[in-house]
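K.L.:
predicted model and sequence below, questions to follow.
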Amino acid sequence: MRDLKNQVFKNYIGDDWRAAASGATYLNRNPADAEDCVGHFQDSGPEDARVALEAAQAAFSAWRDTPITKRAAILIRAGELLRERADAVAEELTREEGKLLSQSRAEVLRAAGTLQFYAIEGQTYSGETFPQDDPDQVVYTQREPLGVVTVISPWNFPISIPARKIAPALITGNTVVFKPSTDTPLSGYRLAEALVDAGIPPGVLNFITGRASRIGDVLTQSPEVRAVTFTGSTRAGEAIHRGASMTTRLQMELGGKNPLIVMADADLDLAVDLTVKGGLSLTGQACTGTSRVLVDEPVREAFTEKLLQRIAQLKIGSGFEKGNELGPLATESQMKTVLDYVAIGKAEATHLVGGDRLTGPGYDGGYYVAPAVFTGVTPSMRIAREEIFGPVIAILTVHGYDDAIRVANDTEYGLSASLVTRDARLAHRFPHDIQAGTVKVNRTTTGNLVNAPFGGLKRSSTATFRESGRAGLEFFTQIKTVYRGV
């Protein structure tokens, strides 16, 4: 494993890898072993952010006029570079975020695929022509880039999420200032590095690390910024929304409290598998993760027994060790949040298993928490209403399909939901009845395709623009309607 304790990673602004103006840096740590340093990163300040925005603004005109095939070629090459570097980048991703090495590698390859998907899909994105009565006139629309786009990404998918924001922004002719999460900056650095090595022109992509409290307002409220795309907590996203100008386009993908509904006719082995994959894989750190399991009363006891048996078999430990199924939580602060919610759950509901910080050989120095399961949970309880973002499962008893829908929709969030049933009629009704942007039947609440739209309802999203797929291009373009006489 590469020694990074003395490695200093710089910002990329204009055409230069440079240190923050203050010279300050911060330490990136391994959540499986807090003594392991995963590099030093720039603790940038407002002046650094302003310089990055100025570089992006200066580069916009030339990039907008660059032929789209040349823009596409850069994205394709960057994707190729990520594939070539996948093993090394995946190892670093696991070191700084904690997920299993297999999951990290899959994420790196997904990021590569996303760059290449938009390189092709972006070349087919066009306007429309409109029939009208004047034979000497043509009426059509054309799509144009917005300008400077700020990309702010989270720590849980530190290379795939920024890729799905940056790729459509670049292919449509925008310039980008990219701020990764302070907790997982190295993965974002490797994404930026691949684009730079692929030949991105100076100023088109700018990479800057640092605390949101120091540079967030500059990156989201400056007049140069035409759009902000953000994935993170609902609280942070709503703060950005309040501070941004009315002329700044916003794309906010935020929190979730996602239900998995288990009907009486469900395959219980499948339901347990979906609960574990959706709620505990990635140590529960997915915005679409299953945090509420709504179980039809006739099968509640049988389902709970099977779930507890499966959880007892889970192997927890370093993402580098084969056979492990759960890694650590990504940060010490997230571990403390999860432990706080476990305490809340114990006061509110019936605690069945887990929720303790794991200690001893293989765990000391890491942020490991045993998966927790609660039953006797009601919709009004905090563990049923608030996003925890950790390996905590709340089981709620429901009485039939209509009651399940009522309970599932009784939330301020609406990101993802799944129904486990053998009843084709219920499977048909579910997408209509559930209030969620991503709807699944007999599948885990987590996961979405590169080529399909992704987003939520209610407080889970701004809901006006979707990410991913062809729909992901719309946010980064504006429409002009042209009336041209001959």
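P.N.:
Happy to help now that I have it. Residues are numbered from 1 along each chain as shown.
K.L.:
only C-alpha atoms for contact and neighbour calcs from this point on.
P.N.:
Noted.
K.L.:
Leu27 and Asp36 touch, don't they?
P.N.:
No - counting by C-alpha atoms under 8 Å, Leu27 stays clear of Asp36, with 10.0 Å between them.
K.L.:
ok, Ser245 - contacts?
P.N.:
Applying C-alpha atoms under 8 Å, 6 or more residues apart in numbering, we find Ser245 in contact with Gln221.
K.L.:
one more time with 10 Å
P.N.:
Thr220, Gln221, Ser222, Pro223, Val225, Arg226, Ala227 (C-alpha atoms under 10 Å, 6 or more residues apart in numbering).
K.L.:
next: Arg242.
P.N.:
Contacts of Arg242 (C-alpha under 10 Å, 6+ apart): Gln221.
K.L.:
now it: how far from Thr231?
P.N.:
Distance from Arg242 to Thr231, counting by C-alpha to C-alpha, to the nearest Å: 16 Å.
K.L.:
same question, Asp267
P.N.:
34 Å.
K.L.:
which of those two has more neighbours?
P.N.:
Each of Asp267 and Thr231 has its neighbours counted (other C-alpha atoms under 10 Å); Thr231 has more, 24 against 15.
K.L.:
which element is His428 on?
P.N.:
According to DSSP states H and E, His428 maps onto helix 424-433.
K.L.:
buried ones in that helix?
P.N.:
Buried positions in helix 424-433, judged by neighbour count with 16 or more other C-alpha atoms under 10 Å: Leu426, Ala427, Phe430, Pro431.
K.L.:
apart from its chain neighbours, what residue comes closest to the second one?
P.N.:
Spatially, and ignoring its direct neighbours in sequence, Ala427 is nearest to Val441 (6.4 Å; C-alpha to C-alpha, 6 or more residues apart in numbering).
K.L.:
Thr141 is in contact with Thr477, isn't it?
P.N.:
No - applying C-alpha atoms under 10 Å as the test, Thr141 and Thr477 come out as separate, 11.8 Å apart.
K.L.:
what about the two, which has more around it?
P.N.:
Ranked by neighbour count (other C-alpha under 10 Å), Thr141 and Thr477 place Thr477 first, with 19 against 16.
K.L.:
any idea how far Thr248 is from the more buried one?
P.N.:
As defined by C-alpha to C-alpha, Thr477 lies at a distance of 13 Å from Thr248.
K.L.:
what is in contact with those two at once?
P.N.:
Leu146.
K.L.:
I'd like to know which elements the longest helix along the chain is packed against.
P.N.:
Ranked by number of residues, the top helix in the chain under DSSP state H is helix 101-121. Helices and strands touching helix 101-121, by 3 or more C-alpha pairs under 10 Å, 6 or more residues apart in numbering; DSSP states H and E, are helix 68-84, helix 86-97, helix 160-171, helix 185-197, helix 471-474.
K.L.:
any chance of these in a markdown table, plus distance to Phe60, mean pLDDT and mean neighbour count?
P.N.:
Formatted as a markdown table, the helices and strands packed on helix 101-121 follow (distance: least, C-alpha to C-alpha, whole Å; pLDDT from 0 to 100; neighbours: other C-alpha atoms under 10 Å):
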| stretch | distance to Phe60 | mean pLDDT | mean neighbour count |
| --- | --- | --- | --- |
| helix 68-84 | 13 | 98 | 21 |
| helix 86-97 | 30 | 98 | 24 |
| helix 160-171 | 10 | 98 | 27 |
| helix 185-197 | 16 | 98 | 23 |
| helix 471-474 | 17 | 94 | 21 |
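K.L.:
overlap of the contact sets of Leu27 and Asp36?
P.N.:
The contact sets of Leu27 and Asp36 overlap at Lys5 (C-alpha under 10 Å, 6+ apart).
K.L.:
how far does stretch 319-329 sit from the chain's center?
P.N.:
In terms of C-alpha atoms, centre = their mean, to the nearest Å, the centre of stretch 319-329 is set 20 Å apart from its chain centre.
K.L.:
can you give me the end-to-end distance of it?
P.N.:
End-to-end distance for stretch 319-329, by C-alpha to C-alpha: 11 Å.
K.L.:
what's the answer for stretch 214-230, then?
P.N.:
From its first residue to its last, stretch 214-230 covers 17 Å (C-alpha to C-alpha).
K.L.:
mind listing what's buried along that stretch?
P.N.:
215-221, 224-230.
K.L.:
with stretch 118-136 instead?
P.N.:
Under the neighbour-count criterion of 16+ other C-alpha under 10 Å, stretch 118-136 has Tyr118, Ala119, Ile120, Glu121, Gly122 buried.
K.L.:
residue contacts, the spatially closest residue to the third one that is not a sequence neighbour?
P.N.:
Nearest residue to Ile120, sequence neighbours excluded (C-alpha to C-alpha, 6+ apart): Ala72, at 7.0 Å. For Ala72, the contacting residues are 78, 115-123, 167, 170-172, taking C-alpha under 10 Å, 6+ apart as the criterion.
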